[in-house]
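Student: Prediction below, plus the sequence it came from.
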Amino acid sequence: MNKIRIIILIFLLAGYATANAQQRAKPKEGDGIMSFLRRYNCNTPALRKEFLRINKNKLTKDGGLVLGRTYILPTGSATLPESDSPQRKKTQRTISEPLFGKAHQQVKVISDELKGACLYLVSGHGGPDPGAIGRVGKYELHEDEYAYDIILRLGRSLMQRGATVHFIIQDAKDGIRSDRYLNNSKRETCMGRPIPLDQLARLKQRCDAINKLTWRDKERYKRAVFIHVDSRGKGDRVDVFFYHCKGSRFGKRLADNIHRTFDNKYDQHQPNRGFYGTVSERNLYVLKNTTPPAVFLELGNIQNAKDRQRLILESNRQALADWICQGIVKDFKQ
């Protein structure tokens, strides 16, 4: 009888140890809280709140994760990353995209929900033109660097869902970055070609690149996404604005779907704040001169301290990319 009790006790202790091991995990390079929790199927408002509570002494002053540190996963979270679940393994394949950098280069396709979609992603400015410039102490924040990081994150999320993605503006070195203050450079190209300093030539170059690809691509759903950061007075706090070309039915629909996604997300994450971003027509060269329907996003005011948090925090940049992606998924399914 004593032997049986001992065996039962050993099994119970083994099960307890396994359960505890499954409730703890270490972040990967580049992880913010949202991307870390998403890997373990627990990126919901309630589980994020619990995660912050039980790990409050393990986070950085800015509420970020520390690479190499072990964190306790929320109660009720999944024990396997989403990409390792049995259901996902049936359709999973891996794509290599060097533009994402070594840490993020391998992209696991976890679903086919965007199969048949082709996205042309364009980050604003680049090369000789940094775009809007903000300053925090000794740091200069360049619009083109933050727009590019978010574009890469968006492209990766789209590729994970089976979409074909073209990055019109490229930097062979940057990759997806987790820094608050991104290093500035003039390396960006338009798909390998130098970016002109002249504004009209610069805009025409990227529109021509999109249109050339559009004629070649066979996907039935094609959309262009332009991402920029605004520059206004330091006291002007703004939400994300969505623009489409006048008369573009599908451009407007895409802008509306992404806007609704943001509106819903703000209701979930900041229920007392409200979301004041708008959808409107705008007479922009890139919207008028691209063949596929297009949407143009202004993500915030780089001069405003609160708006800058939307850009400099890695978790916020990832959230912006994820929400845009979810809006595109909704639009594709209509």
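Tutor: That came through, no problem. Residues are numbered from 1 along each chain as shown.
Student: Give me the residue ranges of the stretch 201-334 of the chain where confidence is low.
Tutor: The model of the stretch 201-334 of the chain has no residue with pLDDT under 70.
Student: can you give me the helices in it?
Tutor: Shown for the stretch 201-334 of the chain, the helices assigned by DSSP state H, counting those that start in this stretch span residues 249-269, 285-288, 305-312, 314-333.
Student: Now do the second one: which elements does it pack against?
Tutor: Counting contacts by 3 or more CB pairs under 8 Å, 6 or more residues apart in numbering; DSSP states H and E, helix 285-288 packs against helix 199-216, strand 221-230, strand 294-301. For every residue, glycine as well, the C-beta is placed using N, CA and C.
Student: need those in TSV with distance to residue 48 and mean neighbour count, can you?
Tutor: Formatted as TSV, the helices and strands packed on helix 285-288 follow (distance: least, CB to CB, whole Å; neighbours: other CB atoms under 10 Å):
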stretch	distance to residue 48	mean neighbour count
helix 199-216	37	16
strand 221-230	25	24
strand 294-301	22	26
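Student: Please tabulate those in JSON lines, including the columns distance to residue 111.
Tutor: Formatted as JSON lines, the helices and strands packed on helix 285-288 follow (distance: least, CB to CB, whole Å):
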{"stretch": "helix 199-216", "distance to residue 111": "24"}
{"stretch": "strand 221-230", "distance to residue 111": "16"}
{"stretch": "strand 294-301", "distance to residue 111": "23"}
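Student: Ok, which of the ones you listed comes nearest residue 123?
Tutor: strand 221-230 (5.5 Å; CB to CB).
Student: Could you tell me which strands the closest one is paired with, and in which direction each runs?
Tutor: strand 117-123 (parallel), strand 294-301 (parallel) (DSSP bridges).
Student: Mind checking the ones you listed for the one nearest to residue 43?
Tutor: Nearest to residue 43 among the strands paired with strand 221-230 is strand 294-301 (21.0 Å), distances taken as CB to CB.
Student: Need the strands paired with strand 221-230 in JSON lines (columns: distance to residue 178).
Tutor: Output for the strands paired with strand 221-230, formatted as JSON lines (distance: least, CB to CB, whole Å):
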{"stretch": "strand 117-123", "distance to residue 178": "17"}
{"stretch": "strand 294-301", "distance to residue 178": "18"}
